[in-house]
Every structure is written in structure tokens, then in C-alpha cells.
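1. Dropping a prediction and its sequence here:
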Amino acid sequence: MLKRRGLLVAVPVALTLLGAGCTAPTSPGAAGDPGRMLLADGFEPESLNPLLGYGQEGAAKFYDGLLAFDGGSALRPALAAEAPQPSPDARSWTVRLREGVTFHDGTPFDAEDVVATYRAAVGPAYASTVSSDFSMLGDVRALDPRTVRFDLKIPYAAWPSKLVLGIVPAEKLARPAPLENSELNTRPVGTGPYRLVEWRQGDQMTWEANPAYWGGAPAVGKVTVVFAEDDNTRAQRLRSGEFDGTVLPPVLAQSVGVDGYETVHHRTADFRTIALPNEHPVTGDRAVRLALNHAVNREGMIRALLGGHGTPAHAPIPESMPRFHEPAARFGFDQQRARAILDAAGWVPGPDGVRSRGGQRAAFTVMYFADDSLRKDLALAFASDARAVGIEVTPAGVDRSAVAGRLATDGIVLGGGNPIDPDPQMYSALHSSVIGTGTYNNPGHYRNAEVDAALDGGRQATDPARRAEFYKAAQRAYAADPGLVYLAFIDHSYVMRAGRWDGYRPPVEPHTHGTTWGPWWNLETWKPRP
């Protein structure tokens, strides 16, 4: 959950696929053919294997899950023929499958493919990087060629949120072996609306419409995605008319201002937070964590760093998930109150303004990924607000490989978010049971029995109203004893060519974004304008 956008396991792959070198792409957008599209992205996937994290929240153009995100906050059947049917205790889920579906290689889709995919997700021999997300899965079996049943270890009402996993052919998983060497990493075979025709790694990727797609062949027949890491480079090339669209930071996206293009900002469940080490002598004090939550100027950060394109975050559930959002779980920006909380807890200002208690200086470090400018800016702004109430925070840019060894003593700016269900949005960030199960699973070792109980209740309740109340209760309990400092839910911003296609519908996005999501999350349904 608490992962950077596009962070995937490193996979050794060939330098080319069906092509070589880094040549300048043709420009379908500039050529004016509405059946072709040229997009630019700042991040390139390291693997195209759903069992190694590709398309983890759905919207993977090469694959379908049993269910698909509807662009709002609900799921709809995809490879499933209808909504999954739970047992009364939510420990068993039966799914009837769509008929007449084929994979890109022409082989038919059936229940055995679903069984093989999910067993590989949790089977130790496959070393899937998404295995922890499916820890509640006990077994999956085919009841007949068109029906599968999932048996879970625990009652789990959020199981449908796990059914967006891309399904791969059983034949590709016949040999239990680590997936780092799977051909699916560079040669995806799914049932999705597009198939990969070329991947020049470090340069570009081309998709082609799947003529046999069960949902109908996409009208936009070919899509080329150019990978250009530098934001300003993508913006400049878009200004020249080369691209039909790209993802940009909000302020830069707003400034592009090119005739024939429009800038759009999408609501998200994508948060940025300061994860605090709860066993640290300073941040382990509830009073310090509470004071920091009142000390930070969330609105000011959003105005200054995001150009106003975001909403304040106080707890993990955003307003874009209205059924589960608890508006009472919030912290007012009140540095005077923050100082009073610290005074009452015995943290006394020193000659330099930094507080101490019992010889312990109120100081700690907050890490940020050195290649992420927004996280750096947020760390600096957080440090400034903390200093205003007498807490010294030292921002430190780090390589991702250095993070795991420092989480016990240092804070870190992290991001994550999934609008499909509150369970993946909250459980791995706050529940005490996940401590030690992954680098970014509850990295600060936060423990709160009331929060744990509410999250467990939300997992097990099948009635929608009861589930919603459990998650609201978890947010209220968290706000009384915060373990992190949530800062903002950031909008995702895009610039796209206007007037050439119909079908754009703004989604509520997860942490993952870019050209697979963005305005193009439902590209397979777009139609060229006459």
C-alpha cells in the first residue's frame, strides 16, 4: 500500500522486444489519424507480469481481472459473468465466468486459468511479489469450467477488491518456478483490450487493439507510449504537438497552455504521509504525534506545492470514498494548540527553541526518495512546520535500497492509495498484525487495539452499512491516537489533445497513475469523432 507509483520488483529482461535501439517514434497524434494515439509517460514498467505487480489496481490494458474498477468507487464484472457470490460468513466466494473469451494467443479462457493465476500468486515456488496481498486466500478451485470458488482463511468482505488481478493462461504457470524469469514479464498474454506488439525498453512501447476482445475491438487501434522521465521534456514535446497526452505535475500541467489541448485534474485516493517510527524516543510519544498533526499546514502545502490540486489528508480514507470517509477524523491547523500539547507532556523549549524532555532532544530524521521532488518538498515543508512548535526534523534524501534498515529510527514520506475498498487503504498501513510482513506494511510499528478491532470488524462484516461504520470508527480511533501525519490526497494531472475522441470520463484514481490510468483508463471504449 505505502508504495511509490510504479514501484515494481526489478526483473532482468532483454534490452529489446520485437525491435531494437532508441529511434524517434512516428507521431500518430500529429498525423491526425484518430485511430492512432501517441502518449508520453514519465515512468516505464519493469515487468508486464500481473503476478509481479503490473496493473495491480486494474486498468492493465493487456489483462482483465474477474472484476474491473468502474472509474468511481465500485467494481463491475469483467471476466466474471456476474458479481461474486459470498457465503454468509464471507469465507467462501463463488464466481461464475464469462463465456467465449480467448487470450491473445487464441487459447480459450476458463476456470483453470483463474485457479492457476491465484495459486501462483500465493505459491512460494513462484515468488510472486503480490503474495502478501492475498495472504487471506486458503484455496481456489474450479467447480466446473465456468465456475471457481475461493476459500479464505478468514471472513473477508473486501475479497472482491482482490479480483482485479490480471488473469494469465494456466499454461504459462505450469512449471512452479520464480516468476523473475517468466516470459510474461516482457511478452504479456492476457485477455485485455490491447496486446503488446513492440517494447523498446528505455524508449517506447506500442499496443495494438485486440480484434477478438470480448468487449468489442477498441476503435483506437494503435497506441504508442513514449517513456520520458523528465517532466519538462514531456511538457516541451507536448507543446510542439508531438504527443496526444501526458501526465505532468499539477503546476506544470496547468502552465502548458497550448491551443487544442486541455488540462484535467483527477481526484484520487493517493495520499502522501509522514510515517513516524512509533518506537522512537520522540515520535513514540503520543503527545508528539498529536502535536505534529496540529502543527502542519496542509492547506498551505497544497496551495504552494500542488497549485491547489489536492485535498487535506488527516486519516487514510479520502472524501472521494464518501461511504467510508469520516469527516470528524481531522486535525485543525493550530500551532498554538500543538505547543500546548507539548508543554503539557513535559517537552520544554531550549535556548535554540528545540524542545527536550528528560535529556531527550525533540529531534528526528524524515527520509524521502531522492528522485521524487514532491516528496522532498513535502519533507521540507513538514520540517518547517515542526520547527515552529519546537521539534527539529532533518529531511534526508535516500535511495530506496537504504530505507528498510532505517525505518525503526527515521520517519519517511510515503504514498499509497486504492479507491476500490477501504481495507487495502487502511489495513496494511495501520493494523498491528502486519508489522514485519513487508517493508512498507505499517512501517512505523503503530499499535492501537481499538483501531485493530475496527479494521477486523470491517473485514468480516458483510452488511455495507456495518462495514462503513467499522471504518469510520477506525478513523475516529486513529485520530485520537495518530501514528502518522497524513498530509494530502494529491490530484493527478494530465494534458490531453481535445476534440478528437469521445469517451473521456474522469476516474477516481489509485496511487498508480500515468498513461495506463489517467484520462485513458477506459480508452478501449473511446470513439473517434466524425
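-> Cool, got the structure. On a predicted model such as this, the values are computed, not experimentally measured, just so you know.
2. wait, isn't Thr515 in contact with Leu39?
-> Yes: using Cβ atoms under 8 Å, Thr515 is in contact with Leu39, at 4.5 Å. (Each C-beta comes from the backbone N, C-alpha and C, glycine too.)
3. So between these two, which is more surrounded?
-> Leu39 (30 against 26; other Cβ atoms under 10 Å).
4. which residues are common contacts for Thr515 and Leu39?
-> Shared contacts of Thr515 and Leu39, defined by Cβ atoms under 8 Å, 6 or more residues apart in numbering, comprise Val225, Gly245, Thr246.
5. Identify the nearest residue to the last one in space, disregarding sequence-adjacent positions?
-> Counting by Cβ to Cβ, 6 or more residues apart in numbering, the nearest residue to Thr246 once its immediate chain neighbours are dropped is Ala40, at 4.0 Å.
6. contacting residues for that neighbour?
-> Val225, Val226, Phe227, Ala228, Arg234, Arg237, Leu238, Phe243, Gly245, Thr246, Val247, Thr515.
7. can you tell me which of the residues you listed are in strands?
-> Val225, Val226, Phe227, Gly245, Thr246, Val247 (DSSP state E).
8. could these be laid out in JSON lines, adding neighbour count and distance to Tyr63?
-> Below are the ones in strands among the contacts of Ala40 laid out as JSON lines (neighbours: other Cβ atoms under 10 Å; distance: Cβ to Cβ, whole Å):
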{"residue": "Val225", "neighbour count": "23", "distance to Tyr63": "16"}
{"residue": "Val226", "neighbour count": "22", "distance to Tyr63": "22"}
{"residue": "Phe227", "neighbour count": "20", "distance to Tyr63": "20"}
{"residue": "Gly245", "neighbour count": "24", "distance to Tyr63": "22"}
{"residue": "Thr246", "neighbour count": "29", "distance to Tyr63": "23"}
{"residue": "Val247", "neighbour count": "24", "distance to Tyr63": "21"}
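9. how about those, which pair is most distant?
-> Phe227 and Gly245 (14.2 Å; Cβ to Cβ).
10. can you pull the buried residues of the strand or helix carrying Arg149?
-> According to DSSP states H and E, Arg149 maps onto strand 147-152. The neighbour-count check on strand 147-152 (16 or more other Cβ atoms under 10 Å) flags Thr147, Val148, Arg149, Phe150, Leu152 as buried.
11. Which elements pack onto it?
-> strand 92-96, helix 111-122, strand 137-144 (3 or more Cβ pairs under 8 Å, 6 or more residues apart in numbering; DSSP states H and E).
12. now for those, which one comes closest to Phe324?
-> Judging the helices and strands packed on strand 147-152 by Cβ to Cβ, what sits closest to Phe324 is strand 92-96, at 20.8 Å.
13. Just want the angle from the closest one to strand 147-152.
-> Per axes from the mean of the first three to the mean of the last three Cα atoms, to 10 degrees, the angle that strand 92-96 makes with strand 147-152 is 160 degrees.
14. mind listing what's buried in strand 92-96?
-> Under 16+ other Cβ under 10 Å, the buried positions of strand 92-96 are Ser92, Trp93, Val95, Arg96.
15. which one of those is nearest Tyr63?
-> Looking across the buried residues of strand 92-96 and measuring by Cβ to Cβ, the closest to Tyr63 is Val95, at 16.4 Å.
16. check contacts around the closest one.
-> Val95 neighbours (Cβ under 8 Å, 6+ apart): Leu66, Ala80, Pro84, Gln85, Val114, Thr147, Val148, Arg149, Phe150, Leu163.
17. now for those, which pair is the farthest apart?
-> Farthest pair in the contacts of Val95, by Cβ to Cβ: Gln85 and Val114, 15.0 Å.
18. Those two: who's more crowded?
-> Comparing Gln85 with Val114 by other Cβ under 10 Å, the one with more neighbours is Val114, at 27 against 11.
19. all helices for the stretch 201-350 of the chain, in order.
-> 231-239, 250-255, 286-295, 298-306, 335-344 (DSSP state H, counting those that start in this stretch).
20. Just say which of those helices is most tucked in.
-> Most buried of those by mean neighbour count (mean count of other Cβ atoms under 10 Å) is helix 286-295; its value is a mean of 23.
21. What segments of the stretch 401-530 of the chain are strands?
-> 411-416, 484-490, 492-497, 501-502, 527-528 (DSSP state E, counting those that start in this stretch).
22. quick one on the thing from earlier: which helix or strand contains the residue nearest to Thr246?
-> Going by DSSP H and E, Ala40 is part of strand 36-41.
23. report the angle between the axes of that strand and helix 231-239?
-> Using the same axes, to 10 degrees, strand 36-41 lies at 160 degrees relative to helix 231-239.
24. got a list of what Val348 touches?
-> Arg355, Ser356, Arg357.
25. Just put those residues in JSON lines and tack on secondary structure and neighbour count.
-> Listed next are those as JSON lines, based on DSSP: H, G, I helix; E, B strand; the rest coil; neighbours: other Cβ atoms under 10 Å:
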{"residue": "Arg355", "secondary structure": "strand", "neighbour count": "24"}
{"residue": "Ser356", "secondary structure": "strand", "neighbour count": "16"}
{"residue": "Arg357", "secondary structure": "strand", "neighbour count": "17"}
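26. before we move on, back to that, would you point to the one among the helices and strands packed on strand 147-152 that's packed deepest?
-> Most buried among those, given mean count of other Cβ under 10 Å as the contact rule, is helix 111-122, at a mean of 22.
27. Next, the angle from it to strand 92-96.
-> Using the same axes, to 10 degrees, helix 111-122 lies at 140 degrees relative to strand 92-96.
28. Determine how far helix 111-122 lies from the middle of the whole chain.
-> 23 Å (Cα atoms, centre = their mean, to the nearest Å).
29. Pro155 reaches Arg459, doesn't it?
-> Yes: here Pro155 reaches Arg459: they are 6.8 Å apart, a contact under Cβ under 8 Å.
30. Now render the strands of the stretch 401-530 of the chain as TSV, adding distance to Arg339 and mean neighbour count.
-> Formatted as TSV, the strands of the stretch 401-530 of the chain follow (distance: least, Cβ to Cβ, whole Å; neighbours: other Cβ atoms under 10 Å):
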stretch	distance to Arg339	mean neighbour count
strand 411-416	20	25
strand 484-490	16	26
strand 492-497	36	25
strand 501-502	54	16
strand 527-528	59	14
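31. so can I have TSV of those strands showing mean pLDDT?
-> Supplementary listing: these in TSV, determined by pLDDT from 0 to 100:
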stretch	mean pLDDT
strand 411-416	96
strand 484-490	97
strand 492-497	96
strand 501-502	96
strand 527-528	95
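32. Tyr126: which of these is closest?
-> Taking the strands of the stretch 401-530 of the chain one by one with Cβ to Cβ, strand 411-416 is closest: 24.2 Å.
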